[in-house]
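**Q** Sequence first, then the predicted structure, then my questions.
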Amino acid sequence: MKIKWLLIIAIVIMLTPITVYANEQTPIEKLDMISDEALQMMKFHRYEDAKKLLDYFSEQFTNIYNNNHSFTMDELRIVTVSHDEAMEAAVNSSMEYEERVTKMTKFRLVVDAISTSHQPLWIEMKESILTAFQQAKEAANSGDSAHFHTNFNTFLSLYNVIYPSMKIDVSVENIQKLDARINYIDEYRSEVVNNMKSQQELEGLETDLKDLFENMDEDEADPSLWWVIISTGSIIILTLSYVGWRKFQAEKEMRKNRSRSHKD
């Protein structure tokens, strides 16, 4: 019986750190939560509340930075710019609702990008972006200039939403490669529609976009999962050991009984 209770206690002790880890919130995770709440306030037209949350975010971000958190200069610049745009959206009553939400969404995605090392939120826009681009490419291939312009503009609008957060997670080389293709297509739109050779740039950009999202999808598993794997393995080993011990004790008892029976 003592062994059984020791096993239960051991399991509880090993599982306890998992619960504590799940409930703890790092300063960066707190920033992520604040940005999400600010976006929700913006969506519900609660602009004053959104502004208060952005002010609170600024205070917390400054405290983290002053405590020597290792933000890169690019991260600082991107967060600052996106925060300023979100604040403008919160206080500018003449700005259209859709634009206000878009600016706050860009800020939300940026904060998520600095707070997580795997599966950032911005890749959730993969399907929308690729669909808009595919429709633009099909219009160009068929010589439909009007639909090409409309769909390519839609693609650019969606792409610009994730662009700041992309710059946090994607290498400078890949960003520059995408920029070069997009700028060329945007500048020479009429040529892309009417020239088959120029349409190769569309094929190249489509490949680059798919590679971008696929590489982010293939991110490594959360390192914190290793603790779960190790703990679970330890529990299984302990359980099997206990079962083996019980089986040994049962067989030992059976041998004793047989021995007594023979003596009798």
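**A** Good, I have the coordinates.
**Q** Give me the below-cutoff pLDDT ranges for this structure.
**A** For the chain, the stretches with pLDDT under 70 are 1-23, 217-264.
**Q** most centrally placed residue in it?
**A** The chain has P120 as the residue nearest its centroid, 1.9 Å off, counting by Cα atoms, centre = their mean.
**Q** Can you list phi and psi of it for me?
**A** Per-residue torsions, P120: phi -60, psi 160 (degrees, to the nearest 10).
**Q** Next one: the spatially closest residue to it that is not a sequence neighbour from V172, what distance?
**A** In this structure, P120 finds its nearest non-sequential neighbour in A113, 4.9 Å apart by Cβ to Cβ, 6 or more residues apart in numbering. All C-beta atoms are positioned from the backbone trio N, CA, C, and that covers glycine. As judged by Cβ to Cβ, to the nearest Å, A113 and V172 stand 15 Å apart.
**Q** does E191 belong to a helix or a strand, and which?
**A** helix 189-194 (DSSP states H and E).
**Q** Only the buried residues of that helix, if you could.
**A** Using 16 or more other Cβ atoms under 10 Å as the test for burial, helix 189-194 gives 189, 192-193.
**Q** so what's E191 up against?
**A** S198 (Cβ atoms under 8 Å, 6 or more residues apart in numbering).
**Q** quick one: the helices in the protein?
**A** Applying DSSP state H to the chain gives helices spanning 2-23, 27-43, 47-66, 73-91, 97-115, 126-141, 145-169, 172-187, 189-194, 200-217, 225-263.
**Q** which of those is buried the deepest?
**A** Greatest average neighbour count among these goes to helix 97-115 (a mean of 21), per mean count of other Cβ atoms under 10 Å.
**Q** Tell me the helices and strands packed up against that one.
**A** Helices and strands touching helix 97-115, by 3 or more Cβ pairs under 8 Å, 6 or more residues apart in numbering; DSSP states H and E, are helix 27-43, helix 47-66, helix 73-91, helix 145-169.
**Q** Any chance of those helices in TSV with distance to Q199 as columns?
**A** Converted to TSV, these look like this (distance: least, Cβ to Cβ, whole Å):
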stretch	distance to Q199
helix 27-43	38
helix 47-66	43
helix 73-91	33
helix 145-169	10
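**Q** among the ones you listed, which is nearest T102?
**A** The closest of the helices and strands packed on helix 97-115 to T102 is helix 145-169. By Cβ to Cβ, the value is 6.2 Å.
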